[in-house]
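**Student:** below: sequence and its predicted model.
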Amino acid sequence: MHSALMLRRFCCINGASSSLNPTHKKKQLVFMGSPQVSASVLDALLDASTAPDSMFQETFLSNLRALQPHLCVTAAYGNILPSKFLKIPLLGTVNIHPSLLPLYRGAAPVQRALQDGIKETGVSLAFTVRALDAGPVIASEKVEVDDHIKAPELLELLFNEGSKLLIHELSSIFDGSAMVKAQPQDDSKATLAPKLTPEESWLCFNEDALVLHNKVRAFAGWPGTRAKVCALDSSNGQQSILELKIITTRVRSHSYIQDGDEDSVNFVGGALVFPSGGKSALEVLELQLPGKKVVSATAFWNGLRGRKLKKLQ
């Protein structure tokens with residue numbers, strides 16, 4: 001694929017209010033972003049460009065120079081941009097980052113924030129530098145986090161807010177005042193948000209139910225959260241191991257009195273109740289078996305036909 005196809009050029013009016021005035025000179029803006037599928041293509045192309053026998057990087061940069069962009073905007077772009085790239089846009093490169101920088105620098109800021117159980121996050125508009133998400137912050141917007149919101153919904157919300165922030169700040173970026181007012185980040189307060197891995201998706205019920213609930217919210221979409229249970233038929237002693245993808249949960253709001261041993265999973269009030277650490281309990285409301293559709297806990301429990309459930313670590 002020709003590298004020019006990976007670039008999309010936008011003509012942006014200098015300032016939001018000038019859109020009604022056709023005499024204003026247009027600015028060239030390059031956007032680099034993704035859904036995940038296009039990000040994987042860009043990752044592969046950039047990886048290939050580092051090979052000793054490859055000239056792709058220079059070809060890519062040559063095509064970018066030919067666009068003569070005033071500004072580059074990135075969003076959900078998972079690569080550290082090289083200095084050669086950053087020198088091309090006349091006004092620099094601006095990134096929409098879904099956290100309140102310097103908190104949660106890295107590939108998974110929304111997911112790691114939810115995993116930590118934060119009550120407030122936000123989105124930042126910052127100039128891009130060589131160091132990871134460490135550039136001066138032009139503006140930021142705080143967002144309260146609902147206890148039940150999942151990563152895909154929060155990500156969409158934050159990028160919607162980030163888009164508004166970008167449009168609002170375009171005038172100051174184009175006239176150069178944004179570079180003057182942008183605030184350096186306090187590196188001593190920085191936290192990291194490394195990308196998620198499939199190995200992290202298993203739930204450990206020795207942990208408190210709130211920790212587990214936050215992980216389910218954070219890992220929603222990809223890679224998801226998983227648990228193994230044993231289904232026991234007491235009439236003949238047969239056992240089967242089931243791998244469950246946990247979709248929707250909540251923390252049991254009142255004290256949990258276990259029925260049977262601590263490994264028993266019971267069905268109470270439309271939820272599968274998993275005894276968890278600290279005498280807490282996680283209620284699973286929706287789940288999915290491999291190759292099957294997402295079902296309610298009630299439908300799953302009815303499908304067991306009287307078999308008992310035990311959790312497996």
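**Tutor:** Yep, that arrived. Bear in mind the structure is a predicted one, so any value in this text is a computation, not a measurement. Numbering: from 1, shown residues only.
**Student:** CA atoms for contacts and neighbours, from now on please.
**Tutor:** OK.
**Student:** low-scoring stretches of this structure, by residue?
**Tutor:** 1-26, 28-56, 255-260 (pLDDT under 70).
**Student:** how about the strands of it, start to end?
**Tutor:** Secondary structure of the chain by DSSP state E: the strands cover 8-13, 26-33, 71-75, 93-97, 120-127, 137-144, 225-232, 239-251, 264-268, 271-276, 280-288, 295-296, 308-312.
**Student:** got a markdown table for those strands, with mean neighbour count too?
**Tutor:** Shown next, in a markdown table, are these (neighbours: other CA atoms under 10 Å):
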| stretch | mean neighbour count |
| --- | --- |
| strand 8-13 | 16 |
| strand 26-33 | 19 |
| strand 71-75 | 21 |
| strand 93-97 | 25 |
| strand 120-127 | 25 |
| strand 137-144 | 18 |
| strand 225-232 | 19 |
| strand 239-251 | 18 |
| strand 264-268 | 17 |
| strand 271-276 | 24 |
| strand 280-288 | 23 |
| strand 295-296 | 16 |
| strand 308-312 | 19 |
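**Student:** to S163, which of these lies closest?
**Tutor:** strand 93-97 (7.8 Å; CA to CA).
**Student:** residue contacts, the nearest residue to S264 once chain neighbours are set aside?
**Tutor:** Of all residues not flanking S264 in the chain, K310 sits nearest, at 4.5 Å (CA to CA, 6 or more residues apart in numbering). K310 makes contact with 229-232, 263-265 under the criterion CA atoms under 8 Å, 6 or more residues apart in numbering.
**Student:** return the member of these nearest to V295.
**Tutor:** Using CA to CA, these come closest to V295 at V229, 16.3 Å.
**Student:** identify the residues contacting that closest one.
**Tutor:** By CA under 8 Å, 6+ apart, V229 lies in contact with 241-244, 309-312.
**Student:** go again with 7 Å.
**Tutor:** 241-243, 309-312 (CA atoms under 7 Å, 6 or more residues apart in numbering).
**Student:** who does the residue nearest to S264 form a beta bridge with?
**Tutor:** Using DSSP bridges, the bridge partners assigned to K310 are C230, S264.
**Student:** what's the spacing between it and Q238?
**Tutor:** Here K310 is placed at a distance of 13 Å from Q238 (CA to CA, to the nearest Å).
**Student:** one more: A193?
**Tutor:** When CA to CA is the yardstick, A193 and Q238 sit 44 Å from each other.
**Student:** comparing the two, which shows the higher neighbour count?
**Tutor:** A193 (17 against 10; other CA atoms under 10 Å).
**Student:** ok, the more buried one touching V110?
**Tutor:** No: using CA atoms under 7 Å, A193 makes no contact with V110, being 8.4 Å away.
**Student:** which residue packs closest to V216, ignoring adjacent ones?
**Tutor:** If the residues on either side of it in the chain are set aside, V216 comes closest to T225, at 5.8 Å by CA to CA, 6+ apart.
**Student:** ok, that neighbour - contacts?
**Tutor:** 201-203, 216, 219, 245-246.
**Student:** tell me the one of those residues nearest S280?
**Tutor:** So of these, ranked by how close each gets to S280 (CA to CA), first place is L203, at 14.4 Å.
**Student:** next one: phi and psi at the closest one?
**Tutor:** In terms of degrees, to the nearest 10, the main-chain angles of L203 are phi -90, psi 140.
**Student:** from L312, how far off is it?
**Tutor:** The gap separating L203 from L312 is 10 Å, by CA to CA.
**Student:** now that we're looking at the closest residue to G122 other than its chain neighbours, how far away is T248 from it?
**Tutor:** Among residues not flanking G122 along the chain, K142 sits closest, at 4.2 Å (CA to CA, 6+ apart). Applying CA to CA, the value for K142 to T248 is 26 Å.
**Student:** could you do G106 as well?
**Tutor:** 26 Å.
**Student:** same question, P82
**Tutor:** Counting by CA to CA - P82 and T248 are separated by 40 Å.
**Student:** also F267?
**Tutor:** Distance, F267 to T248, using CA to CA: 15 Å.
**Student:** quick one, helices of the protein?
**Tutor:** Applying DSSP state H to the chain gives helices spanning 36-49, 56-67, 83-86, 109-115, 151-174, 177-181, 209-218, 297-303.
**Student:** now do the third one: distance to the chain's middle.
**Tutor:** Okay, so that is helix 83-86. Chain-centre distance of helix 83-86: 26 Å, with CA atoms, centre = their mean, to the nearest Å.
**Student:** and for the fourth one?
**Tutor:** The chain centroid and the centroid of helix 109-115 are separated by 7 Å under CA atoms, centre = their mean.
**Student:** show me what that helix is packed against.
**Tutor:** Judged by 3 or more CA pairs under 7 Å, 6 or more residues apart in numbering; DSSP states H and E, the packing partners of helix 109-115 are helix 151-174, helix 209-218.
**Student:** could I get those helices as JSON lines with distance to L272 and mean neighbour count?
**Tutor:** Converted to JSON lines, the helices and strands packed on helix 109-115 look like this (distance: least, CA to CA, whole Å; neighbours: other CA atoms under 10 Å):
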{"stretch": "helix 151-174", "distance to L272": "23", "mean neighbour count": "18"}
{"stretch": "helix 209-218", "distance to L272": "13", "mean neighbour count": "25"}
